[in-house]
Every structure is written in C-alpha cells, then in structure tokens.
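Colleague: This is a predicted model, with the sequence first.
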Amino acid sequence: MADRICPACGAPNTATATFCRVCDTYIDWTDPAATAPSPDPADGGTAEPDESSAEPGEAEAANRRDPRAEVPVATVDDAVVVVAPGAPGTTTVDLRNASDIVDGIVIHPEAAPSWLVVTHDDAHLMPGESRAVGVTFTTRPGVLVVAQETSVPLVVRSSVDPEKLTQVVVRVAVPRVGPPPTVSPRPALVHLEDTTDGWFTVSFDNREANFPRRYRLAMQDPEDVVRAHFLPPVVDVPAGETVDVGVRFVAPAPEPGRNVTRQLTVTGTGDDEPVSATATLTQRTSAAPVHVPVTLRLEPSHLRATDGEAPVFDVLVDNRAGHSGAKVTLTGRDAQRLVAFSFAETRVVVAPGTVATVRARARSTPPAPGTTESRPFAVVANDGTSEVETAGILEVSARAAPITTARIRVEPSTLATEHRQGTFLVQVDNRHGADTLQVQLAGADEFGRARLTFTPPAMAIAPGQVGTARLLVDSPTPPAGTTSSRRLRVSASDGRAAVEAEAVLAQSTPDHRPAAKRWLVVLGALLAMVGALIPWLGEMIDPDSIVRDATNAFGGDASAYAGTATAGSTVLVFLLALLMLLGLNGSSGRGIRFAALLMVIVAVAAAVVGADTRGLPLVLLGAVLGFVGGVLARSRSPR
C-alpha cells in the first residue's frame, strides 16, 4: 500500500495514518496515490511533469495549495489565578488555529518561578478551529511558596513550526497560609546571683507560614520593676524561617541574703494577633561581706626625672581580698609641697577579686643645674570611710646648662683694614653640650664709639653643632696717615650666663697730601713757566735789543718800560717757578708758598707797568696751584 507523505514536513507515513508521525499534522485527507513517489522513468514508468518545467501560473497555483502553519490566536481571562499548596489554580486560554493544517498547539511558561508547574489540556485543533483550553497552575511538592502575586508569561506556539508563536500573560496569586509563629524563651529559667544584669533569647518559629511577620517587642513582670532591652526592638520573621532575639534586662537586686522569683513575659505585637512567651527569673543576693580595704602598690616606687620631666608610674589598687566593689579616690601628698601629681582617673571602681591599674605622673621643679635631689611622696586611696597610702621617692636632677660647656671665638682675631667697616665671623661651639643652646649675641668696643651688628642676632645651636654669625663693625677711621686699633668684646648669653671672646680691629687711613703737594707744585710751576713764555712765542728774541730796552728804561724812556717789564717778569717767573720746585725738598712748604706769592706780585706789577699780559692767567693759575701745594706740604701732627 502506498505511503502517505506529510505535506507539512514531507515525512512518509503508513497509508492508514491519520496524523503525521513526525509533526502531528492531520494527513487523513491526503490521497496515497497522489503522495506516492513518482515512478522512475528508468524502470519503465511514466514520469510526472516537474514543477520547474510547468508554466509560471501553474507553479503559483500549486504553491497556494500547499498547507502551512500560522501563528495561533490566543486570549486569556484577565482574572487572577489563585494557587495554594495542595490547591491548584486553573484558567482558560481561548485558542484558534489560523493554519490550514491540523496543528497541535503547545502552551508553556516563559521564565516561570521555580516553584510553579504549568500544564494544559489537549490542544490539537483542526484548521480554523477555536477552542477554550484549560491551563492548570500547581506548586511543586515540598517547596515553601511565599505569599505573593506575580505575572507569568505563557508562550503559545505551533508544534509544526515552533517559530510561529504568540504570548499571553496570566496573573498568579499565592495567598497567605499558615498559623501564628510559636515563641519560646531560651533558657526558660534565668538565674542571677549577686548581679542585676541578665539576658536570654526569644525564638520566633514561622516555618509553618508562607508569609513574613513583624512584631514590636515588650516585656512585663508582675511588679513592673524589670527593665528590658531587645536586640532588635522590632523583629522581622521571614516566611518559613526562625529568628532569635536577644533580651538584656536589669532587675533590682533583692536584699542581702534573700531570694526573689519573677515571671518575665515577652509580648510581640504585630498586624495580627499578639504572641508571647514567659521566662522565669530567680535572683539571689549573698549576705553582706565584711569590709576589707584595698591595698596600694607603686610600680616603680623609685622615680627619676631630669630637667623637669614628669615620669610615669602605675598605681595598683588591689581589691583581691575584698568581697565587694571598692570606690576609691586617689590623691598624692609630699611633705615639702614640691611634687605635683596627675592621675588618669582620680575616682576608681575596683571589682572584688581584681586589681585596677591607674596611670599617673609626678612632676617637680628641677634643682639647680648640675645637681640632684630626692623628694619623698605618698599616694593615698580614700573610700569614704578609710584611707590607705603607699610611699615613693622622686629623684629629680638638672643637667648642666649648655652655656657652661659652650665656647665662642671670633675669626680673625685681628682684622686690619683701611675702611670704616670690618667683618668678622663669630662661632658659638656647642659640640660638648647635650641640649640645644639658645643664645643672644652682643658686643662693644673699648672706646664705646663703634657700632656692632650681628647677623643673625640670636641662634639656636643643636648639641654637637657649631653656630656661625656675621659681625659687622662700623667705626670712624683715624686721621689721614695715622693708624688706630680698638679691642672688641663679643659675648653669647642664654639669659643666665654668657661666654665671651675678644678681637682687635686695626684701622689705618692713607695720607694723599704728599702726592697732591708734589703734583700741584709741579703743575703750578709748569703753568707759570708756560704763561711766562707765551709773550715770546712767534717772535725772534734779540738779546741786544732786550739789553738796550732795559738801558733806555733805566734812562727814563717810557716807551721801553713795557718790553723791559715783559722780559724781567719772564725771568723772575722762571726763577720763582724753580724756587717752588726746590721747595718740594722742604717739610714745611714755606718756600713754596713764598715763591708763589712773589710770583703773583711780579705778574701783577709787570701788568701794571705795561708788560704783555697774554700769559698772565696761566702764571696766576700756576701760582695758586703752587701755593695750595705749599699749604698741603705743612706737616700735621697725628691725633
């Protein structure tokens, strides 16, 4: 019998098949002879015409006749599906097969919660058929599902062509289910002995409910004297879980030697009915013990301090022999009232059987530098009814001041200069000191006329170091040609003591008068000679004519006076100029000044008589310069 070929997937099926064995398509209408394979022409059969050789219109008609799957049409009721453990919820999805083949439509959730199982009724639809298909929602067995409401997307797809699908959304609600949580204290019996503080735990068991609860906690006792503190005061109990809450409480202690029993009821108030649990509290207070005072001990008891240090020591308050807590106040005493005390805690509470340690300091004024003193003291503990004390010794010492080991020197020790100011280097040596040396520099000269400036004026010199400062001395210079020296005293002081050093400033002033005297006299003599020769420049000198004019002048000839005066003044000026030059060998300059005055008289007289005056200005200038040189030639006694 010929096979039935599925028009949807092409799979061969038996001749009696109603649905395709592969894609579940309805194939009962298919003619086995039409779907059987074409006989092979090689076997003598007649070949069917190939669609590729058919006319285009015939091929399009054949394609339109081929059955195919389409996207199913699905709608769902908007109502919420309620699903509870052991109580599945159902809804109806209206389906329509839009295909021209029989299609088995599949409904499954997309990204559904892990606790949800979705099933549906048979959904094989004939072409164009519509049907309401039931969908069932159940919870997985053994899984606690928290009360909630969620949206579950359902995918509706064709089983023939899985790509033909649509989606609908169903709202699923899980209602609240479960009894109130059980509350139990742990331990149920709390015993306190000689204390007022206690604690226990309250456990909230919500494992039978699928929704969380919140309770605000409170505790009561019949006498309303117990005060409780909850951690936390508001407890959130998740669904299906247990939560422990710590309860710390303070209950007043009974009288010494008595027992008290109290019922403590913890109540949780929430949105639903309150829950509670009861614990039993028993308290006992021992009989009052005999009072035993504390003992004191200092560690160390022998203290050492240098240069005002405040050594640290520990005060051990020993209450190991006591039966109750001791509240003591710590103070310090010393007979000389030279020691000051400071305690980390002045009021100390020491539990019985324990030792409390209090850090303390003792401070005292240092003795004289380089000395040591011992100062006894005592630490006292007073509990209000009695007091105990323990003794100690504070040994205070003061190191020698750095200034006692410091040295100062001035470099150079002697400074020679021709200027008004001189510069020294002052070095303060603290290489033998153990502390930083703070000094102020000062100085003066023996006459009190010099001004001393230090840069810097003060120094802080670390131990093992040398500090250097610049000293500028400003002192008037001595008279020209003389030398003076003055002794300088430099000191470095720390305010209590000082170290000193000396230096010498030698000043000299060069005498420029001898050189000026020589240059002025020589220049004046030369100028005078040149001025005396100016009237004779450009003329022939006839000795006979000069003698004749002189003879006529002595004879009373007035016309010969001018020539004779010119010749005579020239000779006299030359002689006086030579006399000025010879006066340089003297020490008083008197001859130079005398020759200069005569030169002026001769020049003026010659001009009055009528001599040629063209060289007269140079002669007078030379005479003035020579006279000034003579004045400078006068010796000056040093001051």
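Modeller: Perfect, I can see it now.
Colleague: Stretch 186-203 spans what distance, first to last residue?
Modeller: This stretch, stretch 186-203, spans 7 Å end to end (C-alpha to C-alpha, to the nearest Å).
Colleague: shift numbering so it begins at 269
Modeller: Taking 269 as the first residue, the last one we looked at is stretch 454-471.
Colleague: isn't Val442 right next to Ala352, touching?
Modeller: Yes. The pair Val442 and Ala352 qualifies as a contact (C-beta atoms under 8 Å) at a distance of 6.7 Å. (Each C-beta comes from the backbone N, C-alpha and C, glycine too.)
Colleague: Which one of these two is surrounded by more residues?
Modeller: Val442 (24 against 17; other C-beta atoms under 10 Å).
Colleague: Which residues does the more buried one form beta bridges with?
Modeller: Gln416 (DSSP bridges).
Colleague: same question, Val618
Modeller: Beta-bridge partners recorded for Val618 (DSSP bridges): Ala594.
Colleague: What's opposite the nearest residue to Thr360 once chain neighbours are set aside in the beta bridge?
Modeller: For Thr360, ignoring the flanking residues on the chain, the nearest one in space by C-beta to C-beta, 6 or more residues apart in numbering is Ala400 at 4.8 Å. Taking DSSP bridges as the rule, Ala400 bridges to Asp362.
Colleague: now the one 4 residues further on
Modeller: For Thr404, the beta-bridge partners under DSSP bridges are Thr358, Thr387.
Colleague: what residues are up against it?
Modeller: Neighbouring residues of Thr404 by C-beta atoms under 8 Å, 6 or more residues apart in numbering: 356-358, 386-388.
Colleague: Let's see that with 6 Å instead.
Modeller: 356, 358, 387 (C-beta atoms under 6 Å, 6 or more residues apart in numbering).
Colleague: Can you get me a residue count around the last one?
Modeller: To tie it back to what came earlier, the one meant is Thr387. Around Thr387 there are 13 other residues, counting by other C-beta under 10 Å.
Colleague: again with Pro744
Modeller: By other C-beta under 10 Å, the residues close to Pro744 number 11.
Colleague: ok, now Asp540?
Modeller: Residues lying near Asp540 (other C-beta under 10 Å) number 10.
Colleague: what helix or strand does it sit in?
Modeller: According to DSSP states H and E, Asp540 maps onto no helix or strand at all.
Colleague: Find the nearest non-adjacent residue to it, please.
Modeller: In this structure, Asp540 finds its nearest non-sequential neighbour in Pro448, 6.7 Å apart by C-beta to C-beta, 6+ apart.
Colleague: Give me the distance between the one you found and Thr535.
Modeller: As judged by C-beta to C-beta, to the nearest Å, Pro448 and Thr535 stand 13 Å apart.
Colleague: Equivalent analysis for His700, please.
Modeller: For His700, the distance to Thr535 equals 83 Å [C-beta to C-beta].
Colleague: ok, the two, which is more surrounded?
Modeller: Each of His700 and Thr535 has its neighbours counted (other C-beta under 10 Å); Thr535 has more, 16 against 12.
Colleague: from memory the more buried one sits against Ser544, does it?
Modeller: Yes. Thr535 is within contact range of Ser544, at 4.4 Å (criterion: C-beta atoms under 6 Å).
Colleague: Show me the contact partners of stretch 352-365.
Modeller: For stretch 352-365, the external contacting residues (C-beta under 6 Å, 6+ apart) are 340-345, 349-351, 371, 373, 393, 395, 397-407, 438, 443.
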